[in-house]
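S.K.: when you get a sec, could you give me coordinates for this:
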Amino acid sequence: MTAGSTSRPEPAEGRALRPAAEERWADELAALAAADAESGAEIPRGWRLSPRSVRTFIVGDEDLGVTRKFYGDDPLIDRAIVTLLGRQGLMLVGEPGTAKSMLSELLAAAICGTSTLTIQGSAGTTEDHVRYSWNYALLIAEGPSRRALVPSPVYQAMERGAVVRFEEITRCPPEIQDTLVSVLSEKQLMVPELEDGFRVSAAQGFNVIATANLRDRGVHEMSSALKRRFNFETVRPIPDRAFEAELIASALDTELGEQRVPMSPKVLDVLVTVFADLRTGTTATGTPVKRPETVMSTAEAVNVGVAASLSARYLGDGAVRASDIARQLVGVALKGQDEDAKRMRFYIDSVVRERAASSTDWKDFLTASQGLWE
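M.R.: Have a look, this model is predicted:
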């Protein structure tokens, strides 16, 4: 490169931190569509893939070169697909960090080819986010018109015959949640401001996937009318610790790529064991443990593993040690709750100290933990 020249910036799409599922696994989706065409598989109206291929996209198939993306209850995947074939919406509930959002994204990407028609539920979500809003400059200049209307993700999904995702629906006030009642039951959306009683009728393939955290049930309870429009499926944490270790290792490979540094199986076992102990409230040998209020999910374990790997690479000696896990655990397990610090001190002083007597890795973890939970 000559003096004064500048390198051409990489295209924005090449620099995305997290591409949408339909972009990230575009080759797999194309291969599954080709397999459907070759086999003559029945594809429901409005769907891009057959139900069997939707399942394969999520749970994987080595013969087709399709990777597993969701680790958990495979029969749940079957029930979710059957729900989306019918008139009921799909409600995924579970503890935070159990991959509910990821599962909804994968289902939407495989069924309709887009996972980006999404509403993020919050206290600030309004009816406009669910139905439609207006371009007020055009509204003032022209009055109510199709050109002035700004369609919501629900509106767009109904027009296209696509799947719309409603994340954290119980964080919305009940009156906002109930905007979906008529949409799910009548499959129509009225726009009374336009002439001639204009309405949007859902095209074939339209449906709704909503998610809610079990810990948020006290935020805003769903009305009975809305609950009846959904089939509920509970996404549970991974109970098998060995399987969770494999999943975390795979996630670290995906997340870090070339930045990943070595983490021995024993150090990985420390990471998995700490999270499993604190999540379940008991050790593998049956010793009771005080569970923290914060969520000790597999997703958070991956976050700790990522942070520990980056710390070891850029600030350490290039290998992840149990001490790195201990130091990075603070940012996950201590989030402003004084009681959680007491629970962690109890866990370290009892369970970890006992293990440290016979394990150098647990001793490393114990030494690094001193003073972190004061």
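
S.K.: can you classify Arg48 as helix, strand or coil?
M.R.: In three-state terms, and counting by DSSP: H, G, I helix; E, B strand; the rest coil, Arg48 is coil.

S.K.: how many residues are close by it?
M.R.: By the measure other C-beta atoms under 10 Å, the count of residues near Arg48 is 21. Just so you know, the C-beta spots here come from the backbone N, C-alpha and C atoms, and that holds for glycine as well.

S.K.: contact partners for it?
M.R.: Contacts for Arg48 (C-beta atoms under 8 Å, 6 or more residues apart in numbering) come out as 29, 33, 110-113.

S.K.: over to it: give its phi and psi.
M.R.: Dihedral angles of Arg48 (phi, psi; degrees, to the nearest 10) stand at phi -90, psi -30.

S.K.: repeat for Ala210
M.R.: Here is the backbone geometry of Ala210 (degrees, to the nearest 10): phi -110, psi 150.

S.K.: make residue 1 into 90 and carry on from there
M.R.: Renumbered: residue one is now 90, and that last one reads Ala299.

S.K.: ok, now which ones touch it?
M.R.: Contacts for Ala299 (C-beta under 8 Å, 6+ apart) come out as 178-181, 254-256, 258, 319.

S.K.: how about 7 Å then?
M.R.: Applying C-beta atoms under 7 Å, 6 or more residues apart in numbering to Ala299 gives the contacts 178, 180, 255, 258, 319.

S.K.: all strands for the stretch 290-439 of the chain, in order.
M.R.: Along the stretch 290-439 of the chain, counting by DSSP state E, counting those that start in this stretch, strands occupy 296-302, 319-323.

S.K.: centre of the chain to stretch 289-309, how far?
M.R.: In terms of C-alpha atoms, centre = their mean, to the nearest Å, the centre of stretch 289-309 is found 14 Å from the chain centre.

S.K.: can you redo the contacts of Ala299 as TSV with pLDDT, neighbour count and distance to Phe159?
M.R.: Below are the contacts of Ala299 laid out as TSV (pLDDT from 0 to 100; neighbours: other C-beta atoms under 10 Å; distance: C-beta to C-beta, whole Å):
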residue	pLDDT	neighbour count	distance to Phe159
Gly178	97	22	19
Met180	97	25	17
Phe255	97	26	19
Ile258	94	25	20
Phe319	96	22	20
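
S.K.: could I get those as JSON lines with secondary structure?
M.R.: Below are the contacts of Ala299 laid out as JSON lines (three-state DSSP):
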{"residue": "Gly178", "secondary structure": "strand"}
{"residue": "Met180", "secondary structure": "strand"}
{"residue": "Phe255", "secondary structure": "strand"}
{"residue": "Ile258", "secondary structure": "helix"}
{"residue": "Phe319", "secondary structure": "strand"}
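
S.K.: ok, so of those residues, who is nearest Glu335?
M.R.: Met180 (29.0 Å; C-beta to C-beta).

S.K.: with adjacent residues omitted, what lies nearest to that closest one?
M.R.: Excluding the flanking residues, the one nearest Met180 by C-beta to C-beta, 6 or more residues apart in numbering is Phe319, at 3.9 Å.
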